[in-house]
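Asks: Turn this into a model:
(chains A and B)
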Amino acid sequence: MIWIHPAAAVALAALAVPVLIHILARQRATRVPFPTLRFIHPRRLASARRRMLEDRLLLVLRAAVLGCAAGALAGPFVVTAPRLRKWDSQTIHADVAGTDLAGSLRRGVSWLDHQPPGRRELVVHGAIPIGALTETDIAAVPAHVGIRFERDQSSADRVLHGSNVVDRGRVVEREITLSGDRTSVRDGKVIGESAASVEFFGPSDQRASLERLRARFEAERRPAAIAGRSARVEFGSPAAPGASGALAVSWMADAAAAIAREVNPGDASAATIAIHFGSNANRLEVQTSLDAGDERAIDVLRAAASSLAPPASHPADEIVPIADAQLRAWAREPAPALPPTKEMIDGDDRRWLWALVLILMAVEMRVRRAARPGFGFATGATGASSEGPSRAA
Amino acid sequence: MTAPSVASAPPELLARISDLELVARIIVEGLVSGLHRSPFHGYSAEFSQYRHYRPGDDLKYVDWKLVARTDRVYTKQFRETTNMAAAIVLDTSASMAFPAEPLSKMRYGRDVAAALAYLISSQGDSVALVTDAAFVGARTGRQHLRRVLATLSAVRPGGVWEPGAAVRRAAERMGRRGLLLLVSDCYDTEEYTFAELRRAARLGHEVAVLQVVSREEIEFQYRSDVEFFDLETGASLAVNAADARRAYTDRISAFLERWRRRCITEGFQYALMVTDIPADRALRNFLVARQGRRVR
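Replies: I've put the predicted structure just below:
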């Protein structure tokens, strides 16, 4: 028996009401000496006893009415053998998928806890790469919950959309094909002309160098910038930074850090290049003392272009699956359905108790009416009889 | 001749008087004044003295010659040589203790017995008293009356009584034919009692049954649930009195009527005495009825 609202059992205190009424209403039969009992009709004695029984029956009925009502309010749910068999015959599956399989597994267990009674099983879908699940994650799953692994077959050979590249002034899509442990990248269709996302300039005396640098930069394949991002590089800038705004946008800060890391990789043999960053509206301003003719100038431009492109990282897509033998070791059948907790139950058996309340009330009314009228504590004889021998002897 | 109107002494008043002789005298004074002649008298007597006529005296004892000479009415009194013997059999069973208030059947019956003894003794007849525990032989005289009254004062209700045995003892001890007065509620061993009463009648005794009951017994004025316990047996019964009342009153009425009819059939004098009726009035009714029987 499971009670959905056990707090309603407080209503059982109402049982005291009919008991108190019974105690208060009951009058003890007064003990009276009498010369002889031979004239007292035995049948009346029987009726007196019957009335006492009726009183008790009424008390029991009334207490039962209140008890059933309190029970109905508490929401009973009876665990019967047929119900157990029915629950045993049904299995509730929780599909677990996604990149965070361990978290999904925990959420699946939590979700199953609130499902209707039945066998429980977690079905793990996906490529199930190494590291997605560990022995600890599996051990955290309750023993009665079954685990089944369904490896996604499509994950063996997949084509992903890579970041776009700029090739000779055109923006070209890149497709990444994941086939088992092999990854291949190829250009796809041209999706448009490239906007000048990275501009650069320098002193007029370095014009020739700048032209060479432009020709070289535009001839290279480079990551396409994200729309709305641009950068302008000034070569041959004085050591002191010019007037420019602070790096107010987060991507600019990321880009500045990436450019600085690219230009000054921390190699002790190379001289440090002075470089300053600023912003102008939605454009990253880069000032470097490096001349346009310097061999490393192209590195600055490459770093700027790369920093404006989205990160080309696909760790989640690059799958090395957990071995099938390991998954078979972890898999297990769901245990027979456990008796449910109140969280699992979305219905109850209170309707039967309410029906019982109605039946008991009807019986109580019938018993009350069946009691002979005038045979009660409140309906005694009201006067002396004129029967019997006259006073005159 | 009209009897003077004398107020009866209420039972409640008598119940407060502890002197039984006084009670007997009050009762007797109340009843004799209403009688036309003495209820009891001996069988033969020799002249003793004259006395003034008293209402109730038999006119045949009036000395008419003396009336002619003196213009005063005197009656002749005789010293009874073969006076009447009367035996009063008083029920002292526990059922006679009912009701406890205001006047029990025991107290009422005792007062009636005392009045009878007083009346009989004052007329020179011998009186005997038989109770469950005591026996006072039939004698005359004031001393004997006091003994009888003292014995009556000492009786207490209790236990189960066998009226048949008491009647038998009284009938056998009286020696000669006399009057046997049974004062009882007659609840015990009805057949045996009747058998002994019949036997006493066959022995030549005149039998009178004074059945004492209380109004509570007759009318059963109880309400709601009552547990009655038998004063004699101690048995108890729980009953709803309102429901049981009709059947009870029917049954006790039938019981009293049966006693009345059987007594009449057997030739016994019968009187039902209810305790809320003053004893002198009840006795007067009894004695008037007795005179009627004797006249017939």
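Asks: In what element of secondary structure is the residue of the stretch 101-250 of chain A found nearest chain B found?
Replies: Nearest to chain B in the stretch 101-250 of chain A, going by CB to the nearest CB, is A:Pro117, at a distance of 54.8 Å. No exception for glycine: its C-beta is placed from N, CA and C like everyone else's. Using DSSP states H and E, A:Pro117 falls within no helix or strand.
Asks: from memory it sits against A:Ala337, does it?
Replies: Yes: A:Pro117 is within contact range of A:Ala337, at 5.5 Å (criterion: CB atoms under 8 Å).
Asks: contacting residues for the residue of the stretch 101-250 of chain A closest to chain B?
Replies: By CB atoms under 8 Å, 6 or more residues apart in numbering or on different chains, the contact set of A:Pro117 is A:Arg83, A:Trp87, A:Ala337, A:Leu338, A:Pro339, A:Pro340, A:Met344, A:Ile345.
Asks: what's the burial count for the closest residue to the last one other than its chain neighbours?
Replies: Meaning A:Ile345. Excluding its sequence neighbours, the residue lying closest to A:Ile345 (CB to CB, 6 or more residues apart in numbering or on different chains) is A:Phe77, at 5.2 Å. Neighbour count of A:Phe77, defined by other CB atoms under 10 Å in any protein chain shown: 19.
Asks: what residue ranges in the stretch 101-250 of chain B score low on pLDDT?
Replies: Scanning the stretch 101-250 of chain B for pLDDT under 70 picks out no residues.
Asks: Now do the helices for it: every range, in order, please.
Replies: For the stretch 101-250 of chain B, applying DSSP state H, counting those that start in this stretch gives helices covering B:105-122, B:142-154, B:163-173, B:190-202, B:215-219, B:241-266.
Asks: Could you pull out the helices in the stretch 101-250 of chain A for me?
Replies: Using DSSP H, counting those that start in this stretch, helices in the stretch 101-250 of chain A cover A:101-113, A:135-139, A:207-219, A:250-263.
Asks: residue furthest from the geometric center of chain B?
Replies: What lies farthest from the middle of chain B is B:Arg69; by CA atoms, centre = their mean that is 41.1 Å.
Asks: tell me which residues of the helix or strand harbouring that one are tucked away?
Replies: For B:Arg69, the element it lies in under DSSP H and E is helix B:64-70. The neighbour-count criterion (16 or more other CB atoms under 10 Å in any protein chain shown) identifies no buried residues in helix B:64-70.
Asks: just the strands in chain A please.
Replies: Assigned by DSSP state E, chain A shows strands spanning A:2-3, A:30-34, A:76-77, A:91-96, A:119-126, A:145-151, A:157-167, A:170-179, A:182-193, A:198-201, A:222-223, A:230-234, A:275-280, A:283-288.
Asks: Next, report how far the first one is displaced from the centre of its chain.
Replies: Put plainly, it is strand A:2-3. Distance of strand A:2-3 from its chain centroid, counting by CA atoms, centre = their mean, to the nearest Å, is 25 Å.
Asks: just the third one next, same as before
Replies: Mean C-alpha position of strand A:76-77 versus that of the full chain (CA atoms, centre = their mean) differs by 27 Å.
Asks: Nearest to chain A: which residue in the stretch 1-150 of chain B?
Replies: For the stretch 1-150 of chain B, CB to the nearest CB, closest residue to chain A: B:Ser95, 3.5 Å.
Asks: how about the residue lying closest to that residue once chain neighbours are set aside, phi and psi?
Replies: Counting by CB to CB, 6+ apart, B:Ser95 lies nearest to A:Pro35, which is 3.5 Å off, once chain neighbours are set aside. Dihedral pair for A:Pro35: phi -60, psi -40, per degrees, to the nearest 10.
Asks: Any idea how many residues pack against A:Pro35?
Replies: A:Pro35, neighbours per other CB under 10 Å, totals 24.
Asks: What of A:Ala271?
Replies: 8.
Asks: hang on, the earlier thing: neighbouring contacts of the helix holding B:Arg69?
Replies: Helix B:64-70 is touched from outside by B:Tyr50, B:Arg72, B:Val73, B:Tyr74, with contacts defined as CB under 8 Å, 6+ apart.
Asks: Now do the same contact list for the last one.
Replies: In other words, B:Tyr74. Shown in contact with B:Tyr74 (CB under 8 Å, 6+ apart): B:Tyr50, B:Arg51, B:His52, B:Tyr53, B:Val62, B:Asp63, B:Leu66, B:Val67.
Asks: Can you read off the pLDDT for it?
Replies: B:Tyr74 is assigned 88 on the pLDDT scale.
Asks: Excluding chain neighbours, what is closest to it?
Replies: Setting aside the residues directly before and after it, B:Tyr74 is nearest to B:Tyr50 in space (CB to CB, 6+ apart), at 4.2 Å.
Asks: pretty sure that neighbour contacts B:Val62?
Replies: No: judged on CB under 8 Å, B:Tyr50 makes no contact with B:Val62 at a distance of 10.1 Å.
Asks: got any residues that touch both of the two?
Replies: B:Tyr74, B:Thr75, B:Lys76.
Asks: What does the pLDDT read for the residue nearest to B:Tyr74?
Replies: pLDDT, B:Tyr50: 82.
Asks: Which one of the helices of the stretch 101-250 of chain A has the poorest average confidence?
Replies: helix A:250-263 has the lowest average pLDDT among these, namely a mean of 85.
Asks: Run through the residues that contact A:Ser184.
Replies: A:Ser184 neighbours (CB under 8 Å, 6+ apart): A:Ile176, A:Thr177.
Asks: same check, this time on the one 5 residues further on
Replies: Applying CB under 8 Å, 6+ apart, one finds that A:Lys189 lies in contact with A:Val172, A:Glu173.
Asks: Ramachandran angles for the residue lying closest to A:Met344 once chain neighbours are set aside?
Replies: Spatial nearest neighbour of A:Met344, excluding adjacent residues (CB to CB, 6+ apart): A:Pro117 at 5.2 Å. A:Pro117 adopts backbone torsions of phi -60, psi 150, taken as degrees, to the nearest 10.
Asks: Please report the distance of A:Pro117 from A:Glu343.
Replies: Distance from A:Pro117 to A:Glu343, counting by CB to CB, to the nearest Å: 11 Å.
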